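Enquirer: Quick one, fold the following:
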Amino acid sequence: MMSNKQVTWSALCYLKRSCNKLSWRLILRSVYSKTGIWEDGLNTKVKKEIEEYWRPKITCCTSTTSATETGDREKFYVLSMFPYPSGQLHMGHVRVYTISDAMARYHRLRGKQVIHPMGWDAFGLPAENAAIDRGELPDKWTYRNIASMRQHMDEMCFSFDWDREVITCDPSYYKWTQYIFLKMHEAGLAYQKEAQVNWDPLDQTVLAEEQIDEDGRSWRSGAKVEKRYLRQWYIRTTAYAKSLYEGLDTVNPELWKDIILLQRNWIMECTGIRLDFRILRNGSYCADPLSVFLAHPEMAFGVSHIAVTQDHQLNSPDVCSKVSNKEQSSDFLLDDLQAEHPLTKEILPIIVSKTTEFDEFNNTHPGVPSISELDRKVADMLGIKWINILSEDGNLINSHQFTGLSRKEGVEAIAKYARDLRVGGHMVSSKLNDWLISRQRYWGTPIPIIHCQACGALPVPYEDLPVKLPRIETFSARGASPLAQQSDWVNVACPKCKGPARRETDTMDTFVDSSWYFLRYLDSKNAKELCSPGKAHKYMPVDLYVGGKEHAVLHLYYARFFNYFLRDLGIVPSFEPFVNLLTQGMVLGQSYRVKDTGQYLTRDQVDFSGKEPVEKEKGSPLIVEWEKMSKSKYNGVDPQAVLEEYGVDSTRLCILGLVSPQADRKWSSESFVGILKWQGRVWHLVTTFMKQSQIRTEEHLVDTDLLHKAEKEIYDARNFFLKEVTFHFDVTFLVSTAISRLQGFKNCLSKFPESLIGHSVQFERALADLLIITAPFAPSFASELWTGMASVASRKTEHDWDKNVLQQTWPTVDMSYELPICVRDEARDLFEVPLPRYKLDKLTQNEALDIIRGHEQYQKCISSKTIDRIKFILYPGHSAVLQLNLVGSNLGSLDSEEKEKLLKETMLIKEQKKKEKEEKKKMKEIRRAENIAKRQKKSN
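Expert: The predicted structure is shown next:
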């Protein structure tokens, strides 16, 4: 007979003798592998020993599983945004990677070939600053930080495919970044022109936005920052603007949700085109064309002049010294400059104008007097000739080969003509500009271009890739880009004429490196190809992309652009790189700020003794807020300290629980209370099972009626909670709700009569399934519980008790269990009709309609109305949904027409208010995302 505190060691030894395989054959032991004793209670010390024991075994199993690629398994590619190697994980990292890890473990249990890689967005300014400030080489600083962060990730028991690891600063990676750049250059998508930069006149160097203080001074030298024009490299993202905009119609709105609106608001509707007008200065062509947006592409042949704003680069003494009518008018000609019409080759005047209506996103305007009264007045005042290009019936005239077309026909025809001439013509919005990728930095991907005075800017031959960064031992805050000072590296032979030439010394924006990393993961060791077509077509697109909403504008836009381009090259199978998006919210910490001064305080500087917290030293009132964790606000939490106090699995459960992944998470130690209680109760449940399995009463003494009743309740509970947890993994990604269902499942199991546990196969089955569906969230905890349970299991269930919990098959809802057909109108749920799973899983829309027509609620709610539209959604193993748009007379279940009318009006009002509220929320998110995107763009 067992004591109350221990499970006899004999049962464990018996099962241990039956297993002769090590590693992932069942290793039988107690909580403490040295003592061989199963503890009755669970505490932090026990949990840590469990995690220390299981972590290497779980990691070993994941590595083995990930390395096995079998052709018959369904793939699931779950991707979390890779981090910048700052050296230490923060709680935001813990959240995003725990989400992706839970999803990866779930799909492995479903038997899928899971791709769950990790890598490092390793280029960037902080490494270069470390070299300047501390004399530490960027590569050593970066790789040391990578090692530190990888160790922290391993401690969190994340199941990453480390054999797929990529590091963007490794030449084996950025060789292919350069390869893609050259392919874009071939396609006319990479080009060079002058652009404005921040210039430090003292240090004689270019500054990023974050290196400039609020007074406009350099953070290092203190000099007032100037604006200068330097030749910069661009990628013509506008060439794909319309495709990227329209591509949003092809993604699942239920999965992408408001990300669609964020992307559309960034791109905007593409109704115009840009044309490149070559500029002549005193009769000689300038190096760069002038890109001008035409809101009406069909009017291109009617452009009579180009207007620029007063602050435009062309209106400067350095560019144009001679003007006409400057004293007499607010509009005047730039006499030194003219523009060549890209379609007609006519020479057009360029004017500086105060009266022209420039749109808010552009400082140039094409004057078309035949359709604009204001343009006509300006042209007539300055004596500029113009022609009419519209006939009385609205068709094009004086438009060369396009004369006679309607305006609608002319839009695409003229745009295509411009594209064929490679002078623009891509449909785009007035807001969107091309992507400036030049950075005057060392620690970035070198741009593979060689400048020859005789031959111009030439691409580095593909066989010479990668263009590696030279080793630099000493960094200075002053002077040109560090690369420009490396004469041995800069000076090369021209690949065309073999004469003296110079390498491009700018490096690429780090967003370029992160715009295609998801593809390299699939073939990270391939030295001959970016990614083999076989692997790209097998594993792309990404099934689930997990990352912060702050990256849902720029990064997502650039990644989609890259994938569209690679799709045109035939490298990837689909235009959209991501099927599902999960944009997790931020982790917030409580901050304390002095109300009068705005100074942030640490918790030690706050007095909590009164009704409201005040500053401890002066008693000043404070503003207490939940804000994004930040060192400057003293509201951050060190993940290592959290792990030390609570353990890994408790931290994983806590970071995922209580709030949806998409919502911001207010981090507080109070959140652990419920999680710790639940873990303790599950531990107690397994301990009870182990005890009761050893002390089974005689069969004739069992109350069979009570057993059958209890087993029926367990059967229903198992199926209900299992279908809910599975649904949230597969469809909603609400892992927080899934965890709450685990807690409900445990509560139902706890109600089972203790004396009957040893006689119930249904209880054993349900408890085992609870451990399996817990495993994605808490792998070490579940592994230990499974070991204990397996030591005494009857083995009458379908589980493979000789394997670890992470090698089980995800349990499924029984085929005889009844699942609902949910019938809804546009305002509310109407009724449900139960159907056994074996029928529901194969249900069609017509069959569902036939079934509900025989239900009594159909006669009350629907029969007197007309079904205008039907939406049928089937979730196998969970439910079917019939969404009906009903029109006509009142619902039969209501007492009168007046009551129905009132109800309908009320529902419409509520629905309208709901929509307005959602729209306001979306617009707020858009503004927030745009502000973040702008800051990111400036800082890169």
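
Enquirer: When you work out contacts or count neighbours from here on, use the C-alpha atoms and nothing else.
Expert: Noted.

Enquirer: ok, which stretches of the stretch 251-400 of the chain are helices?
Expert: 253-256, 258-267, 373-381 (DSSP state H, counting those that start in this stretch).

Enquirer: Nearest to Ile58, out of those?
Expert: Nearest to Ile58 among the helices of the stretch 251-400 of the chain is helix 253-256; the distance by CA to CA comes to 31.1 Å.

Enquirer: Check the offset of the closest one from the chain's centre.
Expert: In terms of CA atoms, centre = their mean, to the nearest Å, the centre of helix 253-256 is found 13 Å from the chain centre.

Enquirer: residues near Tyr106, how many?
Expert: 25 (other CA atoms under 10 Å).

Enquirer: I'd say it and Ala778 touch.
Expert: No. Taking contacts as CA atoms under 8 Å, Tyr106 lies outside contact range of Ala778: 11.5 Å.

Enquirer: Could you look up the SS state of the spatially most central residue of the chain?
Expert: Among the residues of the chain, the one closest to the centroid is Gly547, at 3.9 Å (CA atoms, centre = their mean). Under DSSP: H, G, I helix; E, B strand; the rest coil, Gly547 falls in the strand class.

Enquirer: Please look at it and Thr98 and confirm they touch.
Expert: No. Counting by CA under 8 Å, Gly547 stays clear of Thr98, with 11.4 Å between them.

Enquirer: Tell me the predicted confidence for the residue nearest to the centre of the chain.
Expert: The model reports Gly547 with a pLDDT of 92.

Enquirer: oh, and call the first residue 50 from now on, that's how I've got it
Expert: That works, and once the first residue is 50, the last one we named lands at Gly596.

Enquirer: Quick check: beta-bridge partners of it?
Expert: Bridge pairing for Gly596 (DSSP bridges) gives the partners Thr632.

Enquirer: who touches it in this structure?
Expert: Ser129, Met130, Val145, Leu631, Thr632, Gln633 (CA atoms under 8 Å, 6 or more residues apart in numbering).

Enquirer: Could you tell me the least trusted of the helices of the stretch 300-449 of the chain?
Expert: Lowest mean pLDDT of the helices of the stretch 300-449 of the chain: helix 302-305, a mean of 83.

Enquirer: The one helix or strand Leu820 maps to packs against which elements?
Expert: Per DSSP states H and E, Leu820 falls inside helix 810-823. Counting by 3 or more CA pairs under 8 Å, 6 or more residues apart in numbering; DSSP states H and E, the packing neighbours recorded for helix 810-823 are helix 753-776, helix 784-799, helix 828-839.

Enquirer: tell me the angle of the first one relative to helix 784-799?
Expert: When you say that, I think you mean helix 753-776. Calculated by axes from the mean of the first three to the mean of the last three CA atoms, to 10 degrees, helix 753-776 forms an angle of 170 degrees with helix 784-799.

Enquirer: which residues touch helix 753-776?
Expert: 786-788, 790-791, 793-794, 797-798, 801-802, 805, 809, 811-812, 815, 822, 860-863, 866, 926-927.

Enquirer: Pull out the buried residues from it.
Expert: 756, 759-760, 762-776 (16 or more other CA atoms under 10 Å).

Enquirer: try stretch 792-807
Expert: By neighbour count on 16+ other CA under 10 Å, the buried set for stretch 792-807 is Gln792, Phe794, Lys795, Asn796, Leu798, Phe801, Ser804, Leu805, Ile806, Gly807.

Enquirer: how does this protein divide into domains?
Expert: 58-89+717-856, 121-221+560-633, 232-285+485-559, 320-480, 636-696, 867-942 (automatic domain parsing).

Enquirer: what's the closest of the ones you listed to Trp305?
Expert: Nearest to Trp305, of all those, is domain 121-221+560-633, at 5.7 Å by CA to CA.

Enquirer: so how far is that closest one from its chain's centroid?
Expert: The answer for domain 121-221+560-633 is 11 Å, by CA atoms, centre = their mean.

Enquirer: do stretch 670-689 as well
Expert: For stretch 670-689 - counting by CA atoms, centre = their mean - the centre lies 24 Å from the chain centre.

Enquirer: so where's this structure shaky on pLDDT?
Expert: Along the chain, segments meeting pLDDT under 70 span 50-85, 110-120, 257, 259-260, 370-378, 526-528, 745-749, 937-989.

Enquirer: coming back round to it: now the helices and strands packed on helix 810-823 in TSV, with distance to Pro346?
Expert: As requested, those are arranged in TSV below (distance: least, CA to CA, whole Å):
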stretch	distance to Pro346
helix 753-776	49
helix 784-799	49
helix 828-839	59
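
Enquirer: Nearest to Thr93, out of the ones you listed?
Expert: helix 828-839 (11.7 Å).

Enquirer: Please enumerate residues in contact with the closest one?
Expert: Outside helix 828-839, the residues within contact range by CA under 8 Å, 6+ apart are 75-80, 87, 96, 99-100, 103-104, 107, 206, 698, 732, 735-736, 738-739, 817, 820-821, 823-824, 850-851, 853-855.

Enquirer: just stretch 217-230 next, same as before
Expert: 169-172, 215-216, 239, 493-497, 511, 514-517, 561-563, 569, 573, 576, 579.

Enquirer: which ones among those are found in strands?
Expert: Trp169, Val215, Ile216, Ala239 (DSSP state E).

Enquirer: and those residues as CSV, adding neighbour count?
Expert: Below are the ones in strands among the contacts of stretch 217-230 laid out as CSV (neighbours: other CA atoms under 10 Å):
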residue, neighbour count
Trp169, 22
Val215, 24
Ile216, 23
Ala239, 20
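
Enquirer: now the residues you listed as CSV including distance to Arg877?
Expert: What follows is those, written out as CSV (distance: CA to CA, whole Å):
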residue, distance to Arg877
Trp169, 47
Val215, 49
Ile216, 50
Ala239, 52
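
Enquirer: With respect to Gly443, which of these is nearest?
Expert: Taking CA to CA as the measure, Ala239 is the one of these closest to Gly443, at 38.0 Å.

Enquirer: State the distance from the closest one to Ile322.
Expert: Ala239 sits 18 Å away from Ile322, going by CA to CA, to the nearest Å.

Enquirer: so who does the nearest residue to His361 once chain neighbours are set aside touch?
Expert: Once flanking residues are discounted, His361 sits nearest to Asn412: 6.7 Å by CA to CA, 6 or more residues apart in numbering. Residues in contact with Asn412 (CA under 8 Å, 6+ apart) are Val357, Thr358, His361.

Enquirer: I'd like to know how far Asn412 sits from Gly729.
Expert: Distance from Asn412 to Gly729, by CA to CA: 66 Å.

Enquirer: Which one of the helices and strands packed on helix 810-823 lies nearest to Phe657?
Expert: helix 784-799 (31.6 Å).

Enquirer: Report the distance from that closest one to the chain centre.
Expert: On the basis of CA atoms, centre = their mean, helix 784-799 sits 28 Å off its chain's mean C-alpha point.
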